[in-house]
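[1] Task: produce atomic coordinates for the following.
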Amino acid sequence: MYSGEELFFSVSVAVYVAISLAIAAIRWGHKCQPYARHADYYYPAWKTLVFCFGMDVLLLPIVFMPQDTDAVLYLRMLLILASPFFCAVVLFSYFGKVLNVGWWRNPVHALYIPFDLMVLTALVLTLIPGTQLKGSFCKWFFSIAGIMALIYLLCFVMAISMITCAIRRYSEDNYSNPEDFPRQFAKGIIWVPVIHLTISWVTTFIGTYNSLSIGMLLLSVLGVAFIIGALTPHRTLDVERLESGELQVETVDVPEPSLPEPDAQPEPAEETLSQERKDEIAGIVRRCVEDDQAYLDSHLTLNSLSRICGVNRTYLSQVITDSMGGFYNYVNRCRLAHVARLKVQQPDASIEEIVTASGFGSRQSYYNVRRQLE
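    Just a heads-up that it's a prediction; the model follows:
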């Protein structure tokens, strides 16, 4: 017979496994139409999610042997290893594909080997009758697990750093198209793995039946909240435009933060930038953006405009901010004005045709910008 704590522990692990397998099944079989035709674009990490949540089936033995000391230690080892590692893998898989960054693949995939060896070893020892994880062997085994956990934590920190750098780079002061990077989604979702890691490691550190049970239930709730938020895609490029071949999958290329783009041409120090020079730069910008219609490039950035104008990026940003209300606002107001003109000139054209011909990445992007600026 199980004690009350052991029964609660068994039920909480069973709930967690059931929810994890349900999430894996949902992610495998459910993708909103018409996005399912391009699942790898709209759901970049769907295969990784299926794998990571499906791996929780390895916790099933714990459900049937909650009183076993090895089973409890097995769960604690999985929490301390799998949480940072799988969170890092999911973040890299999703945002790495969005940003067209591939440097993480080989190192992270290589780390699967020691992870699998540790998990399989612990699982076999748990299924063998008796207590194997004890004494000096237990200390040695969990010392290795601790070292691996620190390595996986480093991967996790690198993934978080990659996303936070991208959020800063894709600020409204640098990019004109909100489709280039799902910035708002990134700012919200980045807290989910942090909370997951915190719950897992605090639960592991305390290590009692009740703490493990509560931790598993909290992780179950977090998993449900996560899959609800991930059911719909957060990349807003229209399916029709993707299928037309106008843009290819994973075309967004983000420069490494450590290699800043050189200025288009040297300028004097900021304090020597005269009003006359500022007016000259403003004239150059208006000629390039408005007269030459640079805003029709749906992926126009401050860096690319700096190259087009032949003006130092820092001073270009300063002039646009002071004289035109900021890069994002200025470029998108030009696009909105172009939409208004096309509606008059081409009354039979669809809104989709008009907004894409005006530099917006999609109809949804147009509506979002219009709500924000009008």
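[2] Find the helix or strand that Lys343 is a member of.
    Using DSSP states H and E, Lys343 falls within helix 327-345.
[3] And that helix, what does it pack against?
    Contact analysis of helix 327-345 by 3 or more C-beta pairs under 8 Å, 6 or more residues apart in numbering; DSSP states H and E lists helix 313-324, helix 351-357, helix 363-373 as its packing neighbours. Quick note: C-beta positions are derived from backbone N, CA and C, even for glycine.
[4] Report the buried residues of that helix.
    Buried positions in helix 327-345, judged by neighbour count with 16 or more other C-beta atoms under 10 Å: 327-336, 338-339, 342.
[5] can you list contacts of that helix?
    Residues from elsewhere that reach helix 327-345 (C-beta atoms under 8 Å, 6 or more residues apart in numbering): 172-176, 289-290, 293, 295-296, 300, 302, 305, 317, 320-321, 324-325, 349, 354-355, 357-360, 366, 369-370, 373-374.
[6] just stretch 277-294 next, same as before
    295, 300, 305, 308-311, 315-316, 318-320, 322-324, 330-331, 334, 338.
[7] Endpoint to endpoint, that stretch covers what distance?
    End-to-end distance for stretch 277-294: 22 Å, by C-alpha to C-alpha, to the nearest Å.
[8] would Pro347 count as being in a helix?
    No - under DSSP: H, G, I helix; E, B strand; the rest coil, Pro347 falls outside any helix and is assigned coil.
[9] returning to what we had before: pLDDT on the helix holding Lys343, on average?
    Taken as a whole, helix 327-345 carries a mean pLDDT of 92.
[10] now the angle between helix 313-324 and it, please.
    Between the axes of helix 327-345 and helix 313-324, defined by axes from the mean of the first three to the mean of the last three C-alpha atoms, to 10 degrees, the angle is 60 degrees.
[11] Report the separation between Ile128 and Ile144.
    Going from Ile128 to Ile144 by C-beta to C-beta, to the nearest Å gives 19 Å.
[12] Look at those two and report which has more neighbours.
    Neighbour count, other C-beta atoms under 10 Å: between Ile128 and Ile144, Ile144 has more, with 14 against 10.
[13] wait, the more buried one sits on Leu117?
    No - in this structure, Ile144 is not within contact of Leu117 by C-beta atoms under 8 Å, at 9.7 Å.
[14] Tell me where the protein has strands.
    Using DSSP state E, no strands are found in the chain.
[15] ok, now how distant is the closest residue in space to Asp173 that isn't next to it in sequence from Tyr175?
    Closest residue to Asp173 apart from its sequence neighbours, by C-beta to C-beta, 6 or more residues apart in numbering: Phe327 at 5.8 Å. As defined by C-beta to C-beta, Phe327 lies at a distance of 8 Å from Tyr175.
[16] Please identify every residue contacting each of the two.
    Applying C-beta under 8 Å, 6+ apart, one finds that Phe327 and Tyr175 are jointly contacted by Leu302.
[17] so where is the protein shaky, pLDDT-wise?
    1, 172, 236-273 (pLDDT under 70).
[18] Geometric centre of it: which residue is closest?
    Phe95 (4.1 Å; C-alpha atoms, centre = their mean).
[19] what residues are up against that one?
    Contacts of Phe95 by C-beta under 8 Å, 6+ apart are Val101, Ala159, Met162, Ile163, Ala166, Ala186.
[20] would you put the C-alpha positions of stretch 216-224 in CSV?
    The C-alpha coordinates for stretch 216-224 follow below in CSV (Å, rounded to 0.1, in the frame of the first residue of the first chain):
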residue,chain,number,x,y,z
MET,A,216,5.1,18.2,-11.4
LEU,A,217,1.6,19.7,-11.2
LEU,A,218,3.0,23.2,-11.8
LEU,A,219,5.0,22.0,-14.8
SER,A,220,1.8,20.4,-16.1
VAL,A,221,-0.1,23.7,-15.9
LEU,A,222,2.8,25.5,-17.6
GLY,A,223,2.8,23.0,-20.4
VAL,A,224,-0.9,23.5,-21.0
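[21] In it, which residues are buried?
    Buried, per 16+ other C-beta under 10 Å, within stretch 216-224: Met216, Leu217, Leu218, Leu219, Ser220, Leu222, Gly223.
[22] quick one on the thing from earlier: of the contacts of helix 327-345, buried ones?
    Applying 16+ other C-beta under 10 Å to those flags 174-176, 289, 295-296, 300, 302, 305, 317, 320, 324, 354-355, 358-360, 366, 369 as buried.
[23] Just give me the longest helix of this protein.
    Counting by DSSP state H, the longest helix found in the chain is helix 135-169.
[24] who does it touch, helix- and strand-wise?
    With contacts taken as 3+ C-beta pairs under 8 Å, 6+ apart, helix 135-169 sits against helix 69-98, helix 112-127, helix 183-189, helix 191-206.
[25] For Leu21, which of those helices is the nearest?
    Judged by C-beta to C-beta, the one of these that comes nearest to Leu21 is helix 69-98, at 14.8 Å.
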